[in-house]
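J.: Predicted coordinates and the sequence they were generated for:
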Amino acid sequence: MNARLPARALRTLALALATGAAATAMADDENKRMNIDHPVYRSECGSCHIAFPPALLGANSWRAMMAGLDKHFGSDASLDAETAATITKFLVANAGRRDTTGSDGNPQLRISDTPWFRKEHRDGHDGITPGVFRSEAVKSAANCAACHRDAGQGDYSERNIRIPKNGARS
Amino acid sequence: MRNHSLQMLLGAAALIASGFASAETPADFLARYETEARQSSPSFSASAERGEKFFTNTHGGEWSCSTCHTKNPTVRGKHASTGKAIEPMAPGANPERFASTRSVEKWFGRNCKDVLGRTCTPGEKADVVAWLMISPR
């Protein structure tokens, strides 16, 4: 269903979501699909975890991440230069408009560390309980698909959220 | 039994290697890694048994190959830090395995560094492929 929406509308929505500015647009849950539609990106950056939506980090964060793939959150995710350049281009072109530089002056590399994410996923908000992210069923805030069932397809619609039952126990 | 099937595989590998060098099959990888290994130890012969041991043991670090790929290469694994499902490693259970040099070399490179802190030797790679090729037994 979502797939039939015009690409431009999706992109606009994705951007709106990322900047956290358009509260009105976000009230429409049907359309919370974020652009991850790039085959190379999806296969290379979707092998160890789901392909995260580029709109959820600023361009500076993506550039910094792509410059350090050999030491990527404790894993070696290195790529040949040509593939890395292709992916960087896609990420930067679809990055969120909001700058995601951290308070220490360095670009934030985790979506789950950004103020937008923390606010949207704060305790008590829509069923999120203390400790849910550390629970056995979720393990990490980066495990978006533990709750957003179709995150692998870029779908973050509210109707596709299921917080794991044992999520509260950590 | 095990030796017999391995011999057959090696035969197939040799055939393929001589016939069409560009073929991307598990047997092709086995033949290639064996050839490379023989450059430093001429009597090298891949061993599925060694491959299994290599794959399922840790090597001084926290992870073994099995931490993500499980000890049974015919079932789905799970990424140790992200929880994402990983399709089975045995070509007999997952025909997409050992079909592309680009993918195989990329992942041997990354995963060996994460598990061993160094690249895998051609002999280690040959052993692992030999083991994965005879699974399920």
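T.: That came through, no problem.

J.: Just the endpoints, please. Distance across stretch B:50-70?
T.: 17 Å (Cα to Cα, to the nearest Å).

J.: same question, stretch B:92-105
T.: End-to-end distance (Cα to Cα), stretch B:92-105: 20 Å.

J.: immediately after the lowest-mean-pLDDT helix or strand in chain A, which helix or strand?
T.: One helix or strand of chain A scores below all others by mean pLDDT, DSSP states H and E: helix A:23-26, with a mean of 37. Downstream of helix A:23-26, the next assigned helix or strand under DSSP states H and E is helix A:39-44.

J.: Next up, the contacts around A:Leu109.
T.: By Cβ atoms under 8 Å, 6 or more residues apart in numbering or on different chains, the residues touching A:Leu109 are A:Leu57, A:Ser61, A:Ala64, A:Met65, A:Phe73. No exception for glycine: its C-beta is placed from N, CA and C like everyone else's.

J.: Including secondary structure, neighbour count and distance to chain B, could these go into JSON lines?
T.: Listed next are these as JSON lines, based on DSSP: H, G, I helix; E, B strand; the rest coil; neighbours: other Cβ atoms under 10 Å in any protein chain shown; distance: Cβ to the nearest Cβ, whole Å:
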{"residue": "A:Leu57", "secondary structure": "coil", "neighbour count": "29", "distance to chain B": "17"}
{"residue": "A:Ser61", "secondary structure": "helix", "neighbour count": "25", "distance to chain B": "19"}
{"residue": "A:Ala64", "secondary structure": "helix", "neighbour count": "17", "distance to chain B": "20"}
{"residue": "A:Met65", "secondary structure": "helix", "neighbour count": "20", "distance to chain B": "15"}
{"residue": "A:Phe73", "secondary structure": "coil", "neighbour count": "15", "distance to chain B": "7"}
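
J.: Closest one to B:Ile134 out of those, please.
T.: B:Ile134 lies nearest to A:Phe73 out of the contacts of A:Leu109, by Cβ to Cβ, at 34.7 Å.

J.: What pLDDT does the model give A:Arg98?
T.: On the pLDDT scale, A:Arg98 is placed at 89.

J.: Show me which residues of chain A sit near chain B.
T.: Contact residues (Cβ under 8 Å from any Cβ of the partner chain) of chain A with chain B: A:47-50, A:73-79, A:139-140, A:142-143, A:145-146.

J.: What subset of these is buried?
T.: Taking 16 or more other Cβ atoms under 10 Å in any protein chain shown as the criterion, what is buried in the residues of chain A next to chain B is A:Ser47, A:Cys48, A:His49, A:Ile50, A:Ser75, A:Ala77, A:Leu79, A:Ser140, A:Ala142, A:Asn143, A:Ala145, A:Ala146.

J.: would you list these in CSV and tack on distance to B:Pro73?
T.: CSV is the format used below for those (distance: Cβ to Cβ, whole Å):
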residue, distance to B:Pro73
A:Ser47, 18
A:Cys48, 19
A:His49, 22
A:Ile50, 24
A:Ser75, 21
A:Ala77, 23
A:Leu79, 26
A:Ser140, 26
A:Ala142, 27
A:Asn143, 25
A:Ala145, 24
A:Ala146, 26
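
J.: Now the two most distant members of those.
T.: A:Leu79 and A:Ala146 (26.3 Å).

J.: still on that earlier bit, okay, the contacts of A:Leu109 in TSV with distance to B:Glu62 and pLDDT next?
T.: Listed next are those as TSV, based on distance: Cβ to Cβ, whole Å; pLDDT from 0 to 100:
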residue	distance to B:Glu62	pLDDT
A:Leu57	28	97
A:Ser61	28	98
A:Ala64	26	97
A:Met65	24	98
A:Phe73	15	95
